[in-house]
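Peer 1: I would like the atomic coordinates for the input below:
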Amino acid sequence: MSKVYFKRYEGNDTSVLSELAKEMLIQLVEKDGAKLEQNVPIKVHFGEKGNKTFIPASSYDGIIDYLEATNRETSFIETNVLYRGSRTTRDNHLALAKEHGFTRKPIIIADGDMGEAVHEVVIDQEYFKSVKLGAAFDDYKQIIVMSHFKGHGLAGFGGALKQLAMGFASRSGKMAQHSRMVPTVKASNCISCGVCVKKCDVDAITITDVAHIDGDKCIGCAGCIAVCPVGAIRNDWGAANFREKITEYAYGAQLNKSHLYISFMTNITKDCDCVGEEMHPVAKNFGVLASLDPVALDTACIDLLQNEEHVDLFDNGRDSLVHAKHINFGERYELVTL
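Peer 2: Down below sits the predicted model:
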C-alpha cells in the first residue's frame, strides 16, 4: 500500500504553498528514505498565455531552496505543446516561461526546438508497444514531478498521471495519445508557401492549389503544425481510449526511474492550465499532497475532492486509474495527514 502525504491549506498564499511543497519533499526524502539524486530537474507547467490559475513560479521556491541547501543541481524541465499557441516552439516556450516568472533556474525544453528530440521507451502494453518521450528526460534518473490537480476536457482531470503522460511526451507522443491523429489543412487559410513540405521528413505533404497531407505516410510528428505561418494546419482532437492511453504513457515515463510526486490542490478549475484564458475555481482549495506513487496520488486527490465537496466532479478521469490497475501500475493508498 502506497502512502500519500497530505497537508491541508485552503488559502492561496504562494509563500505558504512553497513551504508546504518543501515540507512534502523533506517527508519523502528524509523521513521515508527516498534517495535524492545529485541532479534532479523539476517538472513544471509554465501556464498558457492568458491563464491566471496555473501554479506560479514562486510556489516552487521551497523545493529549490531545499535542493540548493543539499547541494543538488536542478532546473525546470518541460516539453512543447501539440497545439498552436505560446508554447509550441522552444523559443516561444522559453519566452513565455520567463514572462511567467520562471527565471530562478535554467529551463530545459526536453523535446527540442519543435518536438523533434525523441527518446523511445518500450512498455509492451495494450495500446502502445513503446512511448515517445522528450529526449532530455533520458538524461536523468529522477525528476521531481510537480502537478496541479484540476479538470481537463478529455482526461477528466489532470494530475500526476497527465503530467507524466502529456508532460513528458514528445510532440509525436502527444499525437499518439490522441489516437491516430493526422493533421488537416484548412484550405481557405493555406497560402501554399511550402514551409510544411520542407519540414516534413517523410514526404507526406504535397502542394497543388493548397497543401495536402497523406494520412498513410504521416507519422504524426506535428512539425507541420508548428511551422505553418498562418495556422492553416490543425489537429482533430477526437481521441479513442484517450484516458487509458494517458495511463500507458505515464507508465512509460516513470519506468525504471525514481521520480518523486507532489501535487497542488489549489485553484481547481474545470479546464486545464493549457487554456489561455482566465478561469474560476469550481471547488475549494485543499492543500498539497505527495507520494512516491503517481497513481495513488491521483486517486487520493479525486477522492478528497469528491468526498468533501459531495460531487462527482471529474469522475470520468477515474478511467485512467482503472486502467492503471489493469496494467499493474500503482497501488492502493493510505492517506497520511501531516
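Peer 1: longest helix of this protein?
Peer 2: helix 294-309 (DSSP state H).
Peer 1: for the next helix or strand after that one, C-alpha coordinates in CSV please.
Peer 2: Sequence order places helix 318-326 as the next helix or strand after helix 294-309, per DSSP states H and E. Extracted C-alpha coordinates of helix 318-326, given in CSV (Å, rounded to 0.1, in the frame of the first residue of the first chain):
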residue,chain,number,x,y,z
ARG,A,318,-11.2,7.5,-13.0
ASP,A,319,-10.9,5.6,-16.3
SER,A,320,-7.2,6.3,-16.1
LEU,A,321,-7.0,4.8,-12.6
VAL,A,322,-9.0,1.7,-13.6
HIS,A,323,-6.6,1.1,-16.5
ALA,A,324,-3.6,1.6,-14.2
LYS,A,325,-4.9,-1.2,-12.0
HIS,A,326,-5.4,-3.3,-15.2
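Peer 1: for helix 318-326, which residues meet the burial criterion?
Peer 2: R318, D319, S320, L321, H323, A324 (16 or more other Cβ atoms under 10 Å). In this view, the C-beta of every residue, glycine as well, is placed from N, C-alpha and C.
Peer 1: endpoint to endpoint, stretch 73-91 covers what distance?
Peer 2: 23 Å (Cα to Cα, to the nearest Å).
Peer 1: for the record, mean pLDDT for it?
Peer 2: Regarding stretch 73-91, the rounded mean pLDDT is 88.
Peer 1: equivalent analysis for stretch 324-338, please.
Peer 2: 97.
Peer 1: cool, and stretch 204-224?
Peer 2: If you average the pLDDT values across stretch 204-224, you get 85.
Peer 1: likewise for stretch 106-120?
Peer 2: 93.
Peer 1: run the chain-centre distance for that stretch.
Peer 2: 14 Å (Cα atoms, centre = their mean, to the nearest Å).
Peer 1: what residues of that stretch count as buried?
Peer 2: Of the residues in stretch 106-120, those buried (16+ other Cβ under 10 Å) are 107-112, 114-120.
Peer 1: okay, those in a markdown table with distance to I205 and secondary structure next?
Peer 2: Output for those, formatted as a markdown table (distance: Cβ to Cβ, whole Å; DSSP: H, G, I helix; E, B strand; the rest coil):
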| residue | distance to I205 | secondary structure |
| --- | --- | --- |
| I107 | 31 | strand |
| I108 | 30 | strand |
| I109 | 25 | strand |
| A110 | 26 | coil |
| D111 | 21 | coil |
| G112 | 20 | coil |
| M114 | 15 | coil |
| G115 | 17 | coil |
| E116 | 16 | coil |
| A117 | 21 | coil |
| V118 | 20 | strand |
| H119 | 26 | strand |
| E120 | 24 | strand |
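Peer 1: wait, H212 sits on D203?
Peer 2: No. In this structure, H212 is not within contact of D203 by Cβ atoms under 8 Å, at 12.0 Å.
Peer 1: the more surrounded of those two?
Peer 2: H212 (14 against 9; other Cβ atoms under 10 Å).
Peer 1: render the CA-only coordinates of the worst-scoring helix or strand of the chain on mean pLDDT in CSV, please.
Peer 2: Ranked by mean pLDDT, DSSP states H and E, the weakest helix or strand in the chain is helix 223-227, scoring a mean of 81. Provided in CSV are the C-alpha atoms of helix 223-227 (Å, rounded to 0.1, in the frame of the first residue of the first chain):
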residue,chain,number,x,y,z
GLY,A,223,6.1,19.5,-37.0
CYS,A,224,3.9,21.0,-39.8
ILE,A,225,1.6,22.5,-37.3
ALA,A,226,4.4,24.2,-35.5
VAL,A,227,5.9,25.8,-38.6
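Peer 1: tell me the helix or strand right after that helix.
Peer 2: Helix 223-227 is succeeded, C-terminally, by strand 233-234 (DSSP H and E).
Peer 1: and that following strand, what does it pack against?
Peer 2: Using 3 or more Cβ pairs under 8 Å, 6 or more residues apart in numbering; DSSP states H and E, the elements in contact with strand 233-234 are strand 184-185, helix 223-227.
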